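Colleague: What follows is a predicted structure for the sequence shown.
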Amino acid sequence: MDAFPNATVSDFRRRDARDKLMGLTRYTIDRKSSGMLHAVVLRSRVPSGRILRIDTSRAEAMPGVCAIVVAADAPGQAGIGIADHPLFASDVVRYDGEPLAAIAAETLAEAEAALSAVEVEIEPLAAAVDMQSALAEGAPLVHPHWRDYEVLFEGGTHGGNIAWEATSVRGDVDAAFARPDVVVVESAFRVGRQNHVAFEPRAVLASFEDGRFHIETSTQVPWTVRNTTARLLGVRPSDVRVTVPPVGGAFGLKFDWAMEPFAALLARKSRRPVRLVNSRQEEMLTCLFRENAEIRMRSAVTREGEIAGREAVVLMDCGAYGGEQIFLTTMTAHTLGGNYRLGAARIVSRAVYTNSPPNGAFRACNGVYNTFALERHTDEICASIGMDPLEFRRRNVIGAGDLGATGQVFEGDVLRPMLDKMEALRAASPSFLLQEGRQDGRLYGRATTVGTWFVFTGPSAATVNMNADGSATLVTSGVEIGSGSMMQALPQIVAGALGLRPDQVIVRTADTDAAGFDVGVGGGRTTVSLGAASLSAANEVRTKLLAVAAEMLEADPEDLVMENGRIEIAGANGFGYAIAEVAARAQARHGPVAGTGAFTGRDTPAMAGCAAGHFIEALDIPVFAVHDCDVAVDPETGHVEVLAYRVVQDVGRALNPSAIHGQIQGGVVQGLGYALHEEAGIDAAGRIRQSGFETYRVPLAGDVVPVRIELHEGAPSMGPLGTKGAGEVPILNVGATIACAVANATGKRVQELPLTPPRVLELMLGRKPELDLPHIAPRWGDNLLRPHGRSD
């Protein structure tokens, strides 16, 4: 019979909601252990320098001090693509805030007192604190010995202050720009850094016993923490166990190792549990921000709206170490080449080393600013050829059989019907632009944008244990980071396969000793990758239970149905047994009933030779979004108010519509911060200017606008039951949509985010010069370390 005779779709409420609302949930920051020590990290106060001396002898003699560790205690280096990142600075300092030593003491006050007793002597060196200075001729190298680093992923280009360079070339771009019937449109854009501002800062509790480390940590990636801690400390990965309590917010901040190796080292040296928690100031000054970026884009477009060719250069500031930005160079081609049908395209994405704090992953990562740049560039194209922006999008959005920038063939027409749904949604909701008699002096504008992102697939594993009481236990390395996927989608998927209620599925917290490998929770992959592995495991359990039930009922397993907590003969008016009875019989006769499942991506093909230096050459599961908003701009103050916001989101299949609505509302609000308020700048000394909530503006309750939402179902997906990830993409278009609406309202060229009142006022008064990016060469090929496709 059908493996899903009962409905899997529901608005099932998450079981952790009550405790979280009542403040009863115990996060990592709440964890304590008998005999626990408190740790702090000593950090550099210069952006670049040669370490002449670090003397910890006075600190070691301070009251309460139990352990101090420095670079000599952690010999390894880690990274993504290239192993460029040590745990502590050893010979040189590369950013203000880089760790120099870590101290564990009986109390936090004693640890902090010892911190000030460490004697540090650093000879300042010339620093390149921004991308323009880092790319200047004769610039000081952040990593002068980069050739000595271990390469972890082949194919990327790196050299000088370029940590990684990824290129994609499809078609004859020069011929496209040389056509006599095209108009060439060029645009430039710049965005700042964004802080995740997770309520729970990064925190860890580590212990060392029987030759093994146990790390309790607030992370999205327990296996990354396990493997990287082992690499940095020079031990076997199997010597490290990672468990993850509930996580108090992440948004990509915790998609990498952070403080865990410090605590592990101190625990081994002191033979005591060690707690290490970032202060809010440390979170602000050393957070793995969404990176600042600069973009130049050119398109050759006919008067009829055909995009004959496109080229783009994207510079991503990775800070002092490559980190996630090396991987994210991959995504530039898929976002800038994913919204629209392109005749030919060439795109280069460069992760640039600077003497500034390292950056990292953040919800929809570089897709947010690439979408801003692409959609503003699209509106500038429409102004140049005299075409309505919505009509241009309808003609050009990517669809079935169209090629992406790397030659991937897209499946299904998704964006065009989503634009139709947005038109209906807009017609059904009030538009402030149509209201007559506005006398407030503000300028009003509206915009519609499209966006393309992806579900990060990768390996996942799951085990389902069937319990004799008729419940099931799901064991994975997945982490509940607030999206609800672990508490809602996965129980619904397993319950649907086993004929149970979702609340009968118990989801174990992540433990690398108990569950199989998983890439981590992020990139919209939980419901898809962990969901597919969980479904596979549940189906194995289902097969075993049906076989036992068939014996009990003297029937063929194919004639049985599993639903509503029972296994029955189809059409036999309830003749059968409760699943609990079958599970108990199976356990007694054959032993415990369990199933295992695994999943990884399908390696969707790209066109040979199109992509170089890409970690992902084609998207297994593209995800699309259409956003629309109305804004009002005060020409006297520069204040932008978002009056209405609408979203049509591609979800594949919505297992829990109310949960998805919540993710969309939250993602839009986070995007409002990026579009209008949040910006972390770097001063001339390479230090983050904004050190707390007093100087870093996040959206407040009064800034929140209710979002009108339409879910688009039915687009192709390899996800279980046709699902796609829904938690990451809601932020994708927000900066783009607001920027386009502000440009429409003011008639001014918007080239930068966020649109803070001072920046908008500069635009309104004509005091904002055109953005100039002299460190991006006008000729596309001059921005490459080596020609595309050359391997020398």
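Modeller: Happy to help now that I have it. Because the structure is predicted, anything quoted here is derived from the model rather than measured. Numbering: from 1, shown residues only.
Colleague: Could you pull up the contacting residues of Ala405?
Modeller: Ser168, Arg170, Ala333, His334, Leu336, Gly337, Gly338, Leu342, Ala345, Ile347, Cys610 (Cβ atoms under 8 Å, 6 or more residues apart in numbering). C-beta here means a position set from N, CA and C on the backbone, and glycine is covered the same way.
Colleague: if you set the cut-off to 6 Å instead, what comes out?
Modeller: Shown in contact with Ala405 (Cβ atoms under 6 Å, 6 or more residues apart in numbering): Ser168, Ala333, Gly337, Ala345, Ile347.
Colleague: what's the longest helix in this structure?
Modeller: Counting by DSSP state H, the longest helix found in the chain is helix 531-553.
Colleague: Report the mean confidence score over it.
Modeller: Mean per-residue pLDDT for helix 531-553: 97.
Colleague: sorry, back to before: the contacts of Ala405 in helices, which ones?
Modeller: Ala333.
Colleague: and the contacts of Ala405, which are buried?
Modeller: In these, burial by neighbour count holds for Ser168, Ala333, Gly337, Ala345, Ile347, counting by 16 or more other Cβ atoms under 10 Å.
Colleague: Select from those every entry located in strands.
Modeller: Using DSSP state E, the subset of those located in strands is Ser168, Ala345, Ile347.
Colleague: The last one: what's it in contact with?
Modeller: Contacts were defined as Cβ under 6 Å, 6+ apart; by that measure Ile347 touches Ser168, Ala312, Thr332, Ala333, Leu336, Ala405.
Colleague: if you set the cut-off to 7 Å instead, what comes out?
Modeller: Thr167, Ser168, Glu311, Ala312, Thr332, Ala333, Leu336, Gly337, Ala405 (Cβ atoms under 7 Å, 6 or more residues apart in numbering).
Colleague: Also the second one?
Modeller: Contacts here follow Cβ under 7 Å, 6+ apart; on that basis Ala345 touches Arg170, Gly171, Val173, Gly309, Arg310, Gly337, Ala405.
Colleague: mind running it again at 8 Å?
Modeller: Per Cβ under 8 Å, 6+ apart, neighbours of Ala345: Ser168, Val169, Arg170, Gly171, Val173, Gly309, Arg310, Glu311, Ala333, Gly337, Ala405.
Colleague: try Ser279
Modeller: Ser279 neighbours (Cβ under 8 Å, 6+ apart): Pro201.
Colleague: again, but for Asn465
Modeller: Asn465 neighbours (Cβ under 8 Å, 6+ apart): Ala472, Thr473, Val475, Pro592, Val593, Ala594.
Colleague: Tell me the spacing between the fourth one and Ala598.
Modeller: As judged by Cβ to Cβ, to the nearest Å, Pro592 and Ala598 stand 20 Å apart.
Colleague: These two: which is more packed in?
Modeller: Ala598 (15 against 11; other Cβ atoms under 10 Å).
Colleague: ok, back up a step: state the next helix or strand along the chain beyond the longest helix of the chain.
Modeller: For helix 531-553, the following helix or strand on the C-terminal side (DSSP states H and E) is strand 560-563.
Colleague: Residues contacting that following strand, please?
Modeller: 1, 5-6, 498-499, 542, 545-546, 549-550, 553, 567-570, 576, 579.
Colleague: and if you look at stretch 604-612?
Modeller: Taking Cβ under 8 Å, 6+ apart as the rule, stretch 604-612 contacts 155, 157, 166-170, 333, 403-408, 617-620, 788-789.
Colleague: The ones in strands among the buried ones among the contacts of Ala405 into CSV, with extra columns for pLDDT and distance to Pro635?
Modeller: Putting those into CSV (pLDDT from 0 to 100; distance: Cβ to Cβ, whole Å) gives the following:
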residue, pLDDT, distance to Pro635
Ser168, 97, 41
Ala345, 98, 38
Ile347, 98, 37
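Colleague: Tell me the one among those nearest to Glu119.
Modeller: Ile347 (49.2 Å; Cβ to Cβ).
Colleague: Give me the most central residue, this structure.
Modeller: Arg363 (3.8 Å; Cα atoms, centre = their mean).
Colleague: quick revisit: and the longest helix of the chain, how far from the chain's centre?
Modeller: Distance of helix 531-553 from the chain centroid (Cα atoms, centre = their mean, to the nearest Å) equals 34 Å.
Colleague: In stretch 77-96, which residues are buried?
Modeller: 77-89, 92-96.
Colleague: I misspoke; the intended subject was stretch 383-402.
Modeller: So stretch 383-402, judged by 16+ other Cβ under 10 Å, has buried residues Met387, Pro389, Phe392, Arg393, Arg394, Asn396, Val397, Ile398, Asp402.
Colleague: how about TSV for those, with secondary structure, pLDDT and distance to Ala424 added?
Modeller: Formatted as TSV, these follow (DSSP: H, G, I helix; E, B strand; the rest coil; pLDDT from 0 to 100; distance: Cβ to Cβ, whole Å):
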residue	secondary structure	pLDDT	distance to Ala424
Met387	coil	98	23
Pro389	helix	98	18
Phe392	helix	98	20
Arg393	helix	98	16
Arg394	helix	97	14
Asn396	helix	98	21
Val397	strand	98	17
Ile398	coil	97	21
Asp402	coil	97	24
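Colleague: tell me which of those residues is nearest to His145?
Modeller: Nearest member of the buried residues of stretch 383-402 to His145, counting by Cβ to Cβ, is Ile398, at 43.1 Å.
Colleague: For the residue lying closest to Cys365 once chain neighbours are set aside, pull up the helix or strand it's in.
Modeller: Counting by Cβ to Cβ, 6 or more residues apart in numbering, Leu328 is the residue found nearest to Cys365 once chain neighbours are left out, at 5.2 Å. If you go by DSSP H and E, Leu328 is part of helix 323-336.
Colleague: helices or strands next to that helix in the packing?
Modeller: strand 162-170, strand 307-319, strand 345-353, helix 367-385, strand 443-454 (3 or more Cβ pairs under 8 Å, 6 or more residues apart in numbering; DSSP states H and E).
Colleague: how far out from the middle of the chain is it?
Modeller: Centre to centre, stretch against its chain (Cα atoms, centre = their mean), the figure for helix 323-336 is 11 Å.
Colleague: That one to strand 307-319, inter-axis angle?
Modeller: 170 degrees (axes from the mean of the first three to the mean of the last three Cα atoms, to 10 degrees).
Colleague: all numbers from here: first residue = 663
Modeller: Sounds good: first residue 663 from here, last item helix 985-998.
Colleague: Could you list the low-pLDDT ranges of the chain?
Modeller: 663-670, 1093-1100, 1234, 1453-1454 (pLDDT under 70).
Colleague: which parts of stretch 1347-1366 are buried?
Modeller: So for stretch 1347-1366, counting by 16+ other Cβ under 10 Å, buried means Gly1348, Arg1349, Ile1350, Gln1352, Ser1353, Tyr1358, Arg1359, Pro1361.
Colleague: can you give me the strands in the stretch 863-1012 of the chain?
Modeller: 865-871, 874-879, 902-905, 936-939, 955-964, 969-981, 1007-1015 (DSSP state E, counting those that start in this stretch).
Colleague: Take those and write them to TSV, including distance to Val1412.
Modeller: Converted to TSV, the strands of the stretch 863-1012 of the chain look like this (distance: least, Cβ to Cβ, whole Å):
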stretch	distance to Val1412
strand 865-871	39
strand 874-879	40
strand 902-905	44
strand 936-939	40
strand 955-964	13
strand 969-981	18
strand 1007-1015	22
